[in-house]
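**Q** predicted model follows, preceded by the sequence.
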Amino acid sequence: MNPAEVRELFPILKERTYLFSGGHSPASTPALEAVQRLMGEWAGDTLDLYSRLHEEQDELRRLFAGLIGADMDEVAVLDSTGTGENLAVEMIPIPAHGNVVFDEWSYPSAVYPWMLPPREHLEQRWVMSRGSVIELDDLEAAIDDDTVAVSISHVTQGEGFRQDLGAVSKLAHAHGALLLVDAAQSAGAVRIDAHAQGIDFLAAGACKWLLGAAGVAFFYAAKSHMQGMPPHAGAPSAANEFTSPSKGPFEPKPGAERFHLGIPNLLGIAATRPGLAALADTGMERIESHVLGLSGRCIAGLQDRGIHVLTPENTSQRGGVVAAIVDDAPAVEQFMRERLIDVYGGHTYNRTLRIDPHVFNNNDDIDIFLATIDEYVAR
């Protein structure tokens, strides 16, 4: 597929200019049809649907693994990015002393698990930004031989800055620390190679750049971290065979299936598979090039209008998120919505306007947005 063909899959784009994939992707026609088919199967042949419970889940694992350069048995399907981030933290042995390194913009779900017992004794080290960039030198200065983990967002939600995962991984591993990646704002928009970049753990929700549904998320753990016991267990598929006290100890499966606790979210999986398939068919290299072209066009247009853009111009330091400082961003969002344009008015960062073009957007979408900025300023 090419971006123009992907665009045809999304009916919302016939009516609206949708530029908020970093919040929630719109539903595609194939996703709507997949949910309708599943509802029909649920109503008409429930036993057949039950017999295929894990087939759809496994296909999602295969597709996501392909998008991030991982093996299928390193990927689990969970319910949220935060669940995956908590799981990663729980899998890491707790030392008597040590520290965890975050960047200034680390998302709360990546930070809070480290603040809970029995890890609250670990020192929290924060690396502050210089302008809109987290400098590698500053990260390196914060990491030492007592560092347990470096926990970062690949692309930050409020600024659109993209970290160099391979470089950060080398810094962490040189001191025996692990790299935890929140990929909620990058997976599906820019290339990730979990093996080549040395990522230890990664989590991402399906409902943003992965063109899927809320309530579905992906968790990656490198094989080397799946040797011990998992912190949770529940579904029969988590073990090599069902065990009871009379049959012997629990023996978890060697791969990521051990993290599945019950029946998968079939509606969410049905709604998510078509988006992952479209991304896989298009290819992440083409998607990244397209997304960077659109975000660059948006940045240039905002700067031409004298608007301060937080997101770096350097293509290696950004993805699809474009963040700019405007007065009363929620009012700008409302003005846009009245004209059938969807952007985010920074309810978390009250003066930040965010524009998130994805593979299904085109240059016309960016130009419509910029022309409406001119209209807002004129009024």
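**A** Okay, I see it.

**Q** off-centre distance for the lowest-mean-pLDDT helix or strand in the chain?
**A** Within the chain, no helix or strand scores below helix 46-51, which has a mean of 90 by mean pLDDT, DSSP states H and E. Centroid separation for helix 46-51 versus its chain: 31 Å, with C-alpha atoms, centre = their mean, to the nearest Å.

**Q** from the chain's centroid, how far away is the helix or strand following that helix?
**A** Counting by DSSP states H and E, the element after helix 46-51 in chain order, helix or strand, is helix 53-68. Centre-to-centre, helix 53-68 and its host chain are 16 Å apart (C-alpha atoms, centre = their mean).

**Q** can you give the contact residues for the following helix or strand past helix 53-68?
**A** Counting by DSSP H and E, the next helix or strand C-terminal to helix 53-68 is strand 75-78. Identification of contacts with strand 75-78 by C-beta atoms under 8 Å, 6 or more residues apart in numbering yields 57, 60-61, 64-65, 84, 87, 203, 216-221, 256-260, 264-265, 269. Where C-beta positions appear, they are placed from N, C-alpha and C, glycine not excepted.

**Q** okay, now the domains of the protein?
**A** 3-19+284-378, 32-280 (automatic domain parsing).

**Q** the stretch 101-250 of the chain: strands as residue ranges?
**A** Listed in chain order, the strands found in the stretch 101-250 of the chain under DSSP state E, counting those that start in this stretch are 123-127, 147-153, 178-182, 201-205, 217-221.

**Q** of all those strands, which lies closest to residue 72?
**A** Across the strands of the stretch 101-250 of the chain, residue 72 has its closest neighbour in strand 217-221 (10.6 Å, C-beta to C-beta).

**Q** and that closest one with helix 53-68, angle?
**A** Angle of strand 217-221 versus helix 53-68, following axes from the mean of the first three to the mean of the last three C-alpha atoms, to 10 degrees, is 70 degrees.

**Q** what's the angle from strand 217-221 to strand 201-205?
**A** Orientation check (the same axes, to 10 degrees): strand 217-221 against strand 201-205 gives 170 degrees.

**Q** just checking, residue 11 touches residue 29?
**A** Yes: applying C-beta atoms under 8 Å, one finds residue 11 in contact with residue 29, separated by 6.0 Å.

**Q** circling back: what does the least confident helix or strand of the chain rub up against?
**A** For helix 46-51, contacts defined as C-beta under 8 Å, 6+ apart pick out 38, 41, 42, 266.

**Q** 6 Å instead?
**A** 41, 42 (C-beta atoms under 6 Å, 6 or more residues apart in numbering).

**Q** stretch 104-119 too?
**A** Under the criterion C-beta under 6 Å, 6+ apart, residues 82, 85-86, 89, 94, 100, 102, 128-129, 151, 153, 156, 182 lie in contact with stretch 104-119.
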